[in-house]
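Following is a predicted model, sequence given first.
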Amino acid sequence: MTHRVQRGTLTVSVTEQGTLESSNNTEIKCKVRGFSMVTYVVPTGTVVQKGQELVRLDTKVLEEQYSLTKTNTFIAQATLAQTEANVEKAKIAIEAYQQGRYKSQLQALEKELAAHRRNLQTARKMYERSKSLFRQGYVTQLEVEGNAFTVTQAELELKVKETEIRVLKEFTRAMQLETLRGNLTASQSKLAADQAGLAMEIKRRDRAAQELEDCVIRAEKSGLVIYPSAASWKSTPDITEGATVRKDQVLLLMPDLSQMQVKLGIHESVIDRVKPGLEAIVTLADRTLRAEVSEVASVTRPAGWWTGNVVKYDTVIKLPSGQGLNPGMTAEVEVILAVHPDVLLVPVAAVVETDNAAYCWVQGDAEPEKRMIKIGDSNDVFLEVLSGLKEGDEVILNPAMFLQDAESDALTSVAPSSAPPAPGHSKQQMVDP
């Protein structure tokens, strides 16, 4: 079998499978803290209207939390009211002491002090009178001494009252005021703590109420709803009835159908030739589109058993808008790496490549002729011939036949003789010639 070498256009490309997706998706996330169970989710691919229910989460735990937070809020409000009353009471107690109890105590002591002063004056008069009467012989010495003791007693009682008034003014009043002010400060501190506690309970109550409301997720706008792509190693979607979801997890996507793309995995062997702006031919089930490469990842995607441990780089193909495309459609994408017009082409099947050179066999008049050729770019079918062949040459398409014959002849020529080697000659020496 032969092939006539001709000039033509060599198109070098790489073909991969991908799935259509939108480059601009509205993410619908779970807003409930912790983990929640999905009790209802709208089927993927549903076109919904604004306000339509999309996802419903289990509410049993949140209902209990909301009831508990309401009770705690009422308790905190009652505690705060009691503390506010205690603060006002502590303020009034200071004023009441300064303007009431302290003054009444001081007035009572001053009244007693005045009485003791009068008693002292009376006792002194009685003592002076008894001394005069003693000199006249009307009273005895004992009566005079008794009156002198009464004066001494009255003086002591007067000093005691004076001391009580001084202690009241200088010490008791200050100590009582400090105690009352301390009670006020403590009440005010407790008031601040109770206010913060009430604010925290209100926040918890409102958050529980909001999360209870967030258990029903509705569409913020009209459009198509799809499930997010599951991990490569998973066989089922992450979002389904009975599944457990967490806070901030993406539950659904609402894609912008005017900004569609295909994400491919390009093998590491050719990724260096893939650049943004290259032309790509996207083949769908019902049509073929021309697009271009918009993005090439600089880091490989994780490889694992689910990818056959093949290392690939994510490459994004931007699709033209207004084509009525939907996410999830399977696409075969051919990325055009290079186009070489008017070059000499030879089939890949006609060339044998070694570490040092490339060869092909050209059909001659008598027998095929082996030629060393220089090749350039290639695809799966043809190679670009830079030198060694000319247009119109007939190349053999099964050069492996000649290689097998050459190997057979070489093995025959180097086969060892059945006779024993001559003395002084090794087996290696016999084979080398």
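Good, I have the coordinates. Numbers count the residues shown, from 1 in each chain.

Please enumerate the strands of the stretch 301-433 of the chain.
312-318, 330-347, 352-353, 358-362, 369-378, 382-387, 394-396 (DSSP state E, counting those that start in this stretch).

okay, these in JSON lines with distance to Gln105 next?
C-beta: built from backbone N, CA, C; applies to glycine. Listed next are these as JSON lines, based on distance: least, CB to CB, whole Å:
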{"stretch": "strand 312-318", "distance to Gln105": "89"}
{"stretch": "strand 330-347", "distance to Gln105": "98"}
{"stretch": "strand 352-353", "distance to Gln105": "118"}
{"stretch": "strand 358-362", "distance to Gln105": "121"}
{"stretch": "strand 369-378", "distance to Gln105": "112"}
{"stretch": "strand 382-387", "distance to Gln105": "117"}
{"stretch": "strand 394-396", "distance to Gln105": "129"}
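
I'd like those strands as a markdown table, with distance to Ala78 and mean pLDDT appended.
Output for the strands of the stretch 301-433 of the chain, formatted as a markdown table (distance: least, CB to CB, whole Å; pLDDT from 0 to 100):
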| stretch | distance to Ala78 | mean pLDDT |
| --- | --- | --- |
| strand 312-318 | 60 | 92 |
| strand 330-347 | 65 | 93 |
| strand 352-353 | 90 | 88 |
| strand 358-362 | 93 | 90 |
| strand 369-378 | 85 | 90 |
| strand 382-387 | 89 | 92 |
| strand 394-396 | 99 | 90 |
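
Can I get the ones you listed in a markdown table including mean neighbour count and distance to Ser13?
Shown next, in a markdown table, are these (neighbours: other CB atoms under 10 Å; distance: least, CB to CB, whole Å):
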| stretch | mean neighbour count | distance to Ser13 |
| --- | --- | --- |
| strand 312-318 | 20 | 13 |
| strand 330-347 | 17 | 5 |
| strand 352-353 | 14 | 21 |
| strand 358-362 | 21 | 22 |
| strand 369-378 | 15 | 11 |
| strand 382-387 | 19 | 12 |
| strand 394-396 | 20 | 24 |
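
Of these, which is nearest Gly45?
Closest to Gly45 of these is strand 330-347 (CB to CB; 14.5 Å).

Now for this protein, the helix or strand with the poorest mean pLDDT.
The helix or strand of the chain with the lowest confidence, counting by mean pLDDT, DSSP states H and E, is helix 427-431 at a mean of 31.

Any idea which residue is closest to the centre of this structure?
Computing the C-alpha centroid of the chain and ranking residues by CA atoms, centre = their mean puts Asp248 first, at 7.6 Å.

Isn't it up against Arg33?
No - Asp248 is beyond contact range of Arg33, at 9.5 Å (criterion: CB atoms under 8 Å).

check contacts around the residue nearest to Leu224 when sequence neighbours are not counted.
Leaving aside its chain neighbours, Leu224 sits nearest to Val47 (5.5 Å; criterion: CB to CB, 6 or more residues apart in numbering). Contacts for Val47 (CB atoms under 8 Å, 6 or more residues apart in numbering) come out as 222-225.

Just the element for Val144, please.
Under the criterion of DSSP states H and E, Val144 resides in helix 141-167.

C-terminal to that helix, what's the next element?
Following helix 141-167 in sequence, per DSSP H and E, is helix 173-214.

can you tell me the average pLDDT over that following helix?
Here helix 173-214 scores 94 as its mean pLDDT.
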